[in-house]
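Enquirer: What follows is a predicted structure for the sequence shown.
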Amino acid sequence: MAVVFRTCKSLSKNAIFTRGISSSLRLHSQKPPTPPEPLVNVDVDDKSGVAVVTLNRPPVNSLNTPLLSELKNIIKGLEDNKSRGMILTSSSETVFSAGLDLMEMYNAPKDKLSAFWTTLQSTWLALYRSSFPTVAAINGHAPAGGCLLSLSCEYRVMVGPKFSIGLNETQLGIVAPPWFVICMRDVLGHRQTEMALTSGRMFSAPEALKLGLIDAMVTNKAEAITEAQKFIAQFAKIPPLARKLTKESVRQEGIKYMEDNMIDDLQMFMDLVTQEKIQKGIGLYLASLKKK
Ligand SMILES: CCCCCC/C=C\CC(=O)SCCNC(=O)CCNC(=O)[C@H](O)C(C)(C)COP(=O)(O)OP(=O)(O)OC[C@H]1O[C@@H](n2cnc3c(N)ncnc32)[C@H](O)[C@@H]1OP(=O)(O)O
């Protein structure tokens with residue numbers, strides 16, 4: 001495996017300016033700080049050209065603006081490099097992603113909320129319409145936004161039986177936006193989507209397999225990656241342009257929805273998330289998670 005690019009912007013400055021008592025600018029030298037761990041890692045296999053993209057925001061890979069932004073940049077980088085495929089997974093042993101970072105939506109100023117949502121929209125669109133084959137290797141729980149990322153890939157392999165997956169928004173008193181619905185309907189069809197979404201049900205991996213929410217169940221992450229590689233390998237002899245255009249055609253409803261409704265969708269989010277009762281609900285939910 002060769003690392004092609006890392007998205008961590010290391011803090012390369014080893015000097016800082018501070019304003020002293022006399023208000024003059026002084027230069028202090030200091031040791032270069034240890035660069036922070038990247039929020040998303042990418043490793044491309046030299047032989048197959050397939051990228052393993054690993055969410056790396058402990059403890060639960062909740063999706064905040066910087067992580068989403070890094071993920072989007074990686075997808076764009078893979079597009080530019082005519083990637084042969086992407087496997088999305090997690091560095092955690094128990095959580096694929098806990099979904100949207102509730103802290104980003106709680107008591108946040110409007111400009112931050114807006115940046116958060118638009119980053120989510122564009123990252124989702126980049127993943128959903130990506131030209132290369134995509135597989136989610138779901139090696140842990142995948143509620144809400146974690147499930148959305150998985151549904152946006154073309155194939156889902158999940159480690160079971162103990163992890164769960166689903167769009168649980170209604171259980172939290174919030175509403176999954178139309179593009180979340182489209183994503184689930186793409187995979188489950190109308191009736192099962194209605195049943196799953198109105199109840200906000202989380203499915204165990206065996207239940208998800210039976211329903212078709214995931215395509216395969218395995219017992220560990222290494223097996224998940226191997227299965228994902230096998231899925232991607234089937235496209236080796238398919239002309240990439242024909243594949244890309246076909247995927248776009250099949251996914252046209254979701255792509256068009258987002259392209260045509262980005263501003264309305266943002267407005268819908270802002271109207272909802274800034275309501276007092278929604279804020280109270282998010283606060284209570286966060287407190288219940290922390291109390292566990
Ligand atoms: C309002 C407008 C409309 C919006 C429409 C879209 C809406 C939503 C999409 C979403 O994605 S909302 C997020 C929904 N996510 C969840 O419901 C999952 C919540 N988390 C869990 O169920 C569990 O954490 C877990 C994923 C099963 C993992 O359990 P584990 O026992 O391993 O870890 P915890 O102890 O519960 O958590 C550790 C630590 O992380 C914090 N945390 C968990 N999830 C989130 C989150 N989504 N956002 C922010 N923070 C989260 C949790 O509070 C713990 O914090 P500390 O106690 O360590 O401070």
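Expert: Arrived safely, thanks for sending. Residues are numbered from 1 along each chain as shown.

Enquirer: and this structure, which residues reach the ligand?
Expert: For the chain, the residues in contact with the ligand (Cβ under 6 Å from any ligand atom) are 59-60, 62, 94-95, 98-103, 105, 141, 143-145, 168-169, 172, 174, 177, 269, 272-273, 278, 289-290, 292. All C-beta atoms are positioned from the backbone trio N, CA, C, and that covers glycine.

Enquirer: per-residue confidence for the residue in the stretch 151-292 of the chain positioned nearest to the ligand?
Expert: Closest to the ligand within the stretch 151-292 of the chain is Leu289: 3.5 Å, counting by Cβ to the nearest ligand atom. pLDDT, Leu289: 95.

Enquirer: what helix or strand does it sit in?
Expert: helix 276-291 (DSSP states H and E).

Enquirer: got the buried residues for that helix?
Expert: Residues 278, 282, 285 are the ones in helix 276-291 that count as buried (16 or more other Cβ atoms under 10 Å).

Enquirer: The first one touches Gly173, doesn't it?
Expert: I take that to be Ile278. Yes - taking contacts as Cβ atoms under 8 Å, Ile278 lies within contact range of Gly173: 7.2 Å.

Enquirer: okay, now the nearest residue to Pro177 once chain neighbours are set aside: neighbour count?
Expert: Nearest residue to Pro177 in three dimensions, chain neighbours excluded: Asp265, at 6.2 Å (Cβ to Cβ, 6 or more residues apart in numbering). Neighbour count of Asp265, defined by other Cβ atoms under 10 Å: 19.

Enquirer: Please list all residues in contact with Asp265.
Expert: By Cβ atoms under 8 Å, 6 or more residues apart in numbering, the contact set of Asp265 is 117, 121, 177-179, 258.

Enquirer: what about it, helix or strand, and which?
Expert: helix 252-273.

Enquirer: if we can go back for a sec, top of the contacts of Asp265 by neighbour count?
Expert: Trp117 (24 neighbours).

Enquirer: Return the backbone torsion pair for the closest residue in space to the residue of the stretch 151-292 of the chain closest to the ligand that isn't next to it in sequence.
Expert: Distance criterion Cβ to Cβ, 6+ apart; nearest residue to Leu289, sequence neighbours excluded, is Leu102 at 7.9 Å. Dihedral pair for Leu102: phi -60, psi -20, per degrees, to the nearest 10.

Enquirer: so how far is stretch 241-248 off the chain centroid?
Expert: Chain-centre distance of stretch 241-248: 22 Å, with Cα atoms, centre = their mean, to the nearest Å.

Enquirer: Let me see the ranges of the strands in this structure.
Expert: Assigned by DSSP state E, the chain shows strands spanning 15-19, 25-29, 40-44, 50-55, 85-90, 134-138, 142-143, 155-159, 164-166, 203-204, 216-218.
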